[in-house]
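K.L.:
Predicted model, plus sequence, below.
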Amino acid sequence: MRTGEPLPSVGDVLVSLATGLWQWDTATDLVTVDAEAARLLGLPARPTTLTEAQARARLHPSDWNEITGVVPLAAAKGTLAEVRIRVVDAAGRTIRVVRSRSKPSFDRERRAYELIGTLQEVTEPAPGTSSARSAVTGDWRRSREAFLLDAGRALAEARSTAEVLRVAATLSMPGFSPDGLAVFGVEGDRLTIIGHHGYQPGDDGPFTHMPLATDYPAAEVVRTGQAVYLSTPGEYRDRYPTSWPLAEQFGRRSWAFLPLTLGGRTRGAWMAAFSDRVAFTPDERAVLTTVARMLAQALTRAGDAETQRELSEGLQRSMMPSLLPEIPGMSVAARYIPTGGGLQVGGDWYDMIPLPGGVSPTTAQGGRFALVIGDVQGHDVRAAGLMGQLRIALRAYAAEGHRPDAVLSRASRFLHGITHDEHASDLRFATCLYAEADPATGRLEVARAGHPEPVIRLADGTVVLRPTAGGLPLGVDPDGDYPTTRFTLEPGETMMLCTDGLIETGGHDMETGWRRVRAILEQYGGAEADRENGLEGLADALVQGVHGPSSHHTVGPLTDRREDDIAVLLLFRSGESRGLSEGPAAADRTRVRSTLLSVAQDEPERIAEARQHLRELLHDWVPAEQVDAAVLLISEMITNVLVHTDADALLLAEIFGEHGHRRLRVQVTDSGDDLPHKRRPGELASSGRGLMLIEMLADAWGVEPRGEGKSIWFELYEKGEAGEADVIDVIDVIDGAGD
């Protein structure tokens, strides 16, 4: 060609250089090749269009994996994608080796790659030379680096040995991928199989518990800490004639055995077996060595995590008791969910203790038992140890026959003693609730040490907090007192005891967390707890509602999504519930809700608890103004007992009938003998309005003398004759009465 003449066409240049042109669009899955590219792919030498599957069938599988790994990396970096490809025939035999150079781009609208590149045949070194596959240029190296980054990230995220092996089996190495993997461990002087991939069940039999002195590559790797590379079956047979018959049956052509080394110690071996011949070039050995190191670290992490998990789960099983079976008239369910850290057990616990007096060690037939739930401060080994000691101490004090208040007082002194000695620098306290139950009567005696109060779900599904007297957490004051609260669990009712983890987990405070738990209890339905496994289902619903997937939709107001251990105890009293009955005649006689509360002479602050408890009992009462009237009346009645007698007041509130036509009966009983009488207080008088208020606000009322003491009661009828205006006027006139 002379100077000044026009340049030849691109096609003529490519033909003269024996270079083919190809184009690939991943959106259409079509590959277009010119005549030279078709010839290089083993097709007739004419332009043609292939599907992606047809083009893939002409290439070696490992090289196809290399192409799919290089293309996204080159598109992201804006560089050329260069790979060496083996072209194979229908039988899988390599007919030539070509080099592909292309410039990929990514179409964001179609979310597809577009490539235009060249194919050119290259000379592959003859078998037996130093390298059956020469090193590939920079883009391949970048592909290798990307592979190692992805492999390291995947192995680092594996949490168990099974996950590590699953990740290792799915690694697609750039340019060469093994189709058989095995991980060997060491027990004493023998090899063990930790896991394998690409083999049938039972194929690992001859290799299990193989002595380290055996003439086998993995055993040699463990003994010497040096890798073994076998490029051909002949090389395997010559170096290891004794174990060759064991490997021959699997039909592999190349093997790499690498040590799994961590901290200078060889902990096992990794075998990668290939169906195609691999020369194990320096680049390939570097990739395998790096993967082996990451695999050793991942297996060690997974093994340590599994050991810790097994240890903590064993500790949990030993510390978490089994519940007593066959409780006549009652059933119990419990859950413990560790969520606050890596340990599977922390400071939360629950227990169920048979009490002296006719209770066998394995059943609670006919006798009393105690339910205990508590939370030791912290979530670590120290908290778990203190929890175990405190649980044993509580069991011992209960077995001695002490009452609930005495059990907690002694437990507080015990915890204070073991955490406040002269060498203790880590002082701890514990919250606890101890409840004695009598299955025959449903009677409960509760003592509380800084713990959340019990929750009662009534027979109709209404959920209320049960106010109980309490003291300081255990271990704070060795001389602290823990008053006892007595009440009855009626048939069809369920009592829930829980640690604060159930309420506060997920960024909630006590107020918002309680609303979430209350909604779960109410939505589950009162009747379901009386069916088989109903109580277990309720326990599962509570845990799932605050800790399961659905809990992410009920995140609390706090910015940090706090997690804490969860312990839950449920006690259900079965039997014939005095709930809803059929027929209108029975509507006024059947009790659907009730509450019993005592207010001692030295506990006037519990009047506020009584008011709140009654409001919760009447949460759906219509009209709402009658609720204010009822609250005002019980304040006046209990205050009169505390002011005019030396006795304690016992409040009993009961609701009868069907919704919309219910009757509230409130009764306050004391042991005083003086009957109340109506007075006409002056305008400025500060007392004497009690019976006048009852007469004005109640639909019915009365005073009943008892053998010892008396009882004054009143009734309100839902949508009764007392108008809203009348109630409001009376409350306005008696401003602040009873407070």
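P.N.:
All right, it came through fine. Numbering: from 1, shown residues only.

K.L.:
which is the next helix or strand following the strand or helix carrying Arg56?
P.N.:
Here Arg56 is covered by helix 52-57, with elements defined by DSSP states H and E. With elements assigned by DSSP H and E, the helix or strand that comes after helix 52-57 is helix 61-77.

K.L.:
Tell me how many other residues crowd Glu522.
P.N.:
Per other CB atoms under 10 Å, the neighbour tally for Glu522 reads 13. (Glycine included, C-beta is placed from N, CA and C.)

K.L.:
And it, what's its pLDDT?
P.N.:
Note on Glu522: pLDDT of 85.

K.L.:
Helix or strand: which one has it?
P.N.:
Using DSSP H and E, Glu522 falls in helix 510-524.

K.L.:
So Trp713, which state does it fall into?
P.N.:
What DSSP: H, G, I helix; E, B strand; the rest coil gives for Trp713 is strand.

K.L.:
Let me see the contact set for Phe274.
P.N.:
Counting by CB atoms under 8 Å, 6 or more residues apart in numbering, Phe274 touches Phe176, Ser177, Pro178, Asp179, Gly180, Arg252, Arg253, Ser254, Trp255, Ala256.

K.L.:
again, 7 Å this time
P.N.:
Taking CB atoms under 7 Å, 6 or more residues apart in numbering, we find Phe274 in contact with Phe176, Pro178, Asp179, Arg252, Arg253, Ser254.

K.L.:
Look at the residue lying closest to Leu502 once chain neighbours are set aside and say how many residues are nearby.
P.N.:
Nearest residue to Leu502, sequence neighbours excluded (CB to CB, 6 or more residues apart in numbering): Ile566, at 5.0 Å. Per other CB under 10 Å, the neighbour tally for Ile566 reads 24.

K.L.:
so how far is Ala539 from Ile566?
P.N.:
11 Å (CB to CB, to the nearest Å).

K.L.:
Now for those two: what residues contact both?
P.N.:
Contacts common to Ile566 and Ala539, judged by CB under 7 Å, 6+ apart, are Arg335.

K.L.:
that older thread, you'd agree the residue nearest to Leu502 is up against Ala334?
P.N.:
No: the criterion here is CB atoms under 7 Å, and Ile566 misses it with Ala334 at 10.9 Å.

K.L.:
ok, longest helix in this protein?
P.N.:
helix 282-319 (DSSP state H).

K.L.:
which parts of stretch 43-60 are buried?
P.N.:
Leu43, Thr48, Leu50, Ala55, Arg56, Ala57, Arg58, Leu59, His60 (16 or more other CB atoms under 10 Å).

K.L.:
ok, now which ones touch the fourth one?
P.N.:
When you say that, I think you mean Ala55. Val31 are the contacts of Ala55 under CB under 7 Å, 6+ apart.

K.L.:
in the stretch 451-600 of the chain, which spans are helices?
P.N.:
For the stretch 451-600 of the chain, helices defined by DSSP state H, counting those that start in this stretch occupy the ranges 500-504, 510-524, 534-547.

K.L.:
same for the shortest one, what does it pack against?
P.N.:
Pointing back at helix 500-504 there. Judged by 3 or more CB pairs under 7 Å, 6 or more residues apart in numbering; DSSP states H and E, the packing partners of helix 500-504 are helix 510-524, strand 566-573.

K.L.:
closest to Asp602 out of these?
P.N.:
Among the helices and strands packed on helix 500-504, the nearest to Asp602 by CB to CB is helix 510-524 (26.8 Å).

K.L.:
tell me which residues of that closest one are tucked away?
P.N.:
Thr512, Gly513, Trp514, Arg516, Val517, Arg518, Ile520, Leu521, Tyr524.

K.L.:
Then stretch 211-231?
P.N.:
In stretch 211-231, counting by 16+ other CB under 10 Å, buried: 214, 216-222, 227-231.

K.L.:
Over to stretch 594-609?
P.N.:
Ser594, Thr595, Leu596, Leu597, Ser598, Val599, Arg606, Ile607, Glu609.

K.L.:
what's the helix or strand for the closest residue in space to the fourth one that isn't next to it in sequence?
P.N.:
What it means is Leu597. Using CB to CB, 6+ apart and skipping the chain neighbours, the partner closest in space to Leu597 is Leu651 (4.6 Å). Per DSSP H and E: Leu651 is located in strand 649-656.

K.L.:
how far is the helix holding Glu522 from where the chain is centred?
P.N.:
19 Å (CA atoms, centre = their mean, to the nearest Å).

K.L.:
same check, this time on stretch 495-505
P.N.:
The answer for stretch 495-505 is 15 Å, by CA atoms, centre = their mean.

K.L.:
Could you tell me the end-to-end distance of it?
P.N.:
21 Å (CA to CA, to the nearest Å).

K.L.:
what sits up against that stretch?
P.N.:
339, 348, 371, 373, 375, 433, 452, 454-456, 489, 510, 513-514, 517, 521, 542, 546-547, 562-571.

K.L.:
which of the residues in that stretch are buried?
P.N.:
Applying 16+ other CB under 10 Å to stretch 495-505 flags Met495, Met496, Leu497, Cys498, Thr499, Asp500, Gly501, Leu502, Ile503, Glu504, Thr505 as buried.

K.L.:
Under a three-state scheme, what state does Arg615 occupy?
P.N.:
Per three-state DSSP, Arg615 ends up helix.

K.L.:
you'd agree it is up against Val627?
P.N.:
Yes: the pair Arg615 / Val627 is scored as a contact, 6.2 Å apart, by CB under 7 Å.

K.L.:
Of the two, which one has the most company?
P.N.:
Val627 (20 against 15).

K.L.:
show me the contacts for the more buried one.
P.N.:
Val627 neighbours (CB under 7 Å, 6+ apart): Arg615, Leu618, Trp621.

K.L.:
now it, what's its secondary structure?
P.N.:
Per three-state DSSP, Val627 ends up helix.

K.L.:
where does it sit relative to Val643, distance-wise?
P.N.:
24 Å.

K.L.:
ok, now Ala53?
P.N.:
Applying CB to CB to Ala53 and Val643 gives a distance of 94 Å.

K.L.:
cool, Gln626 as well?
P.N.:
Taken as CB to CB, the span from Gln626 to Val643 is 26 Å.

K.L.:
So between these two, which is more surrounded?
P.N.:
Gln626 (23 against 11).

K.L.:
ok so, going back, next one, pLDDT for the residue nearest to Leu502 please.
P.N.:
88.

K.L.:
Which residues are in contact with it?
P.N.:
So Ile566 contacts Arg335, Ile337, Thr339, Thr499, Gly501, Leu502, Thr505, Val543, His547 (CB under 7 Å, 6+ apart).

K.L.:
what about the strands in the stretch 251-400 of the chain?
P.N.:
According to DSSP state E, counting those that start in this stretch, the stretch 251-400 of the chain carries its strands in the segments 254-262, 265-274, 330-337, 348-354, 369-376.

K.L.:
Need the winner for burial among these.
P.N.:
strand 369-376 (a mean of 25; mean count of other CB atoms under 10 Å).

K.L.:
Now do that strand and strand 348-354, the angle between them.
P.N.:
160 degrees (axes from the mean of the first three to the mean of the last three CA atoms, to 10 degrees).

K.L.:
what residue ranges in the stretch 401-550 of the chain score low on pLDDT?
P.N.:
Scanning the stretch 401-550 of the chain with the threshold set as pLDDT under 70 gives 421-426, 525-533, 549-550.

K.L.:
please redo it, this time with the cut-off set to 80
P.N.:
Across the stretch 401-550 of the chain, the ranges flagged by pLDDT under 80 are 420-427, 524-533, 547-550.

K.L.:
and the helix holding Arg56, average pLDDT?
P.N.:
87.

K.L.:
now swap in stretch 106-122 and tell me
P.N.:
Stretch 106-122 comes out at a mean pLDDT of 87.

K.L.:
before we move on, what about stretch 626-645?
P.N.:
89.
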